[in-house]
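1. Quick check, what structure comes out for this input:
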Amino acid sequence: MSRRTRAVTFLLLAVSCAVLAATVAGGYGAKVADSFGPLREVLVVTRGLPAGRPLGPAQLAASLQVRRVPARFVPPGALTAPHQALGLRPIADLAAGSYVTVGQLHPPQESAPEGPGLAPGRRPVEIAVGGGEALLAGGSDPRGSRVDVVVTSEPSSAAAGRSYIAAPGVRLLALTRHDPVGPGPGAGWSATLALTRSQALRLIEAESFARGVRLLPRPARPR
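-> Here you go, the predicted model:
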């Protein structure tokens, strides 16, 4: 075999190996992508936003961006377009890289919660919750009543999710309904509760990482 023939043969083998490697890598990448499920558009913070300041067009253009991520990573109530956040205010600082959800944004002006004074060691804390319909089912104003706050954790690979009472018998100071902004999940609720510091930290963490936080009305005491 001549030197030229050997060179051509080695070149063809190298090209064949490169094509094979690209095919294998592409197939593996597609398999991994398929395992995460379909992609969904979500609104992501690209530059940190402070709490309490209503979002105007300039903030939306400079600090928010629509990205496509696997559906399994999208949190409940995630917004899908910047205009859905227009005029709303973050209830806590939004860090760069985080998703924007319905529960993180409230109208710019809210009346102060009415109701009885707070007991010593408790403070008003607002969290996104479910179960607001049950509190209004009786037709009376639920403010001032006692509720149990139930957290449902996300299932893990080793165990199923569980539900537990994270704050029993706390006083409900205010309850607000938030209609959906655009396509996606239905209406949500925010509740202002009289919580101890440990209860507040526990529920704020659950608001971000748990599957759901719900309010359960406590039965009236027999007279």
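2. Show me how far stretch 130-143 is from its chain's centre.
-> Computed by C-alpha atoms, centre = their mean, to the nearest Å, the chain-centroid distance of stretch 130-143 equals 24 Å.
3. Mind listing residues that contact that stretch?
-> Residues outside stretch 130-143 that contact it (C-beta atoms under 8 Å, 6 or more residues apart in numbering): 113-115, 145, 147, 150, 172-175, 177, 188-189, 191, 212-217. Using the backbone N, CA and C atoms, a C-beta is placed for each residue, glycine as well.
4. Ok, stretch 63-77 next?
-> By C-beta under 8 Å, 6+ apart, stretch 63-77 touches 33, 36-49, 55, 80-82, 85, 99-103, 128, 184-185, 188, 211-212.
5. Tell me which of those fall in strands.
-> Using DSSP state E, 39, 40, 41, 42, 43, 44, 45, 128, 188, 212 are the members of the contacts of stretch 63-77 that sit in strands.
6. Just the buried subset of those residues, written out for ChimeraX, thanks.
-> Those of those that count as buried under 16 or more other C-beta atoms under 10 Å are selected in ChimeraX with:
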select :40,42,43,44,45,128,188,212
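7. Which pair of the ones in strands among the contacts of stretch 63-77 spans the longest distance?
-> Greatest spacing in these, by C-beta to C-beta: 39 and 128 (25.0 Å).
8. Per the annotation, how does the chain divide into domains?
-> 1-35, 39-106, 123-217 (automatic domain parsing).
9. weakest of the ones you listed in terms of mean pLDDT?
-> Looking at the domains of the chain, the lowest mean pLDDT belongs to domain 1-35 (a mean of 59).
10. ok, the residue nearest to residue 212 when sequence neighbours are not counted - contacts?
-> The shortest distance from residue 212 to any non-neighbouring residue, by C-beta to C-beta, 6 or more residues apart in numbering, is to residue 152 (4.6 Å). Residue 152 makes contact with 161, 162, 163, 210, 211, 212, 213, 214, according to C-beta under 8 Å, 6+ apart.
11. gap between the residue most central in space within the chain and residue 131?
-> Centroid-nearest residue in the chain, with C-alpha atoms, centre = their mean: residue 75, separated by 4.2 Å. Look at residue 75 and residue 131: by C-beta to C-beta, to the nearest Å, they are 18 Å apart.
12. picking up where we left off before, with distance to residue 197 added, can I get the ones in strands among the contacts of stretch 63-77 in JSON lines?
-> As requested, the ones in strands among the contacts of stretch 63-77 are arranged in JSON lines below (distance: C-beta to C-beta, whole Å):
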{"residue": "39", "distance to residue 197": "40"}
{"residue": "40", "distance to residue 197": "36"}
{"residue": "41", "distance to residue 197": "38"}
{"residue": "42", "distance to residue 197": "32"}
{"residue": "43", "distance to residue 197": "31"}
{"residue": "44", "distance to residue 197": "31"}
{"residue": "45", "distance to residue 197": "27"}
{"residue": "128", "distance to residue 197": "19"}
{"residue": "188", "distance to residue 197": "25"}
{"residue": "212", "distance to residue 197": "23"}
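13. Just give me the closest of the ones in strands among the contacts of stretch 63-77 to residue 59.
-> Closest to residue 59, out of all of these and judged by C-beta to C-beta, is residue 45, at 10.4 Å.
14. That closest one contacts residue 90, doesn't it?
-> No: if you go by C-beta atoms under 8 Å, residue 45 and residue 90 don't touch, sitting 9.2 Å apart.
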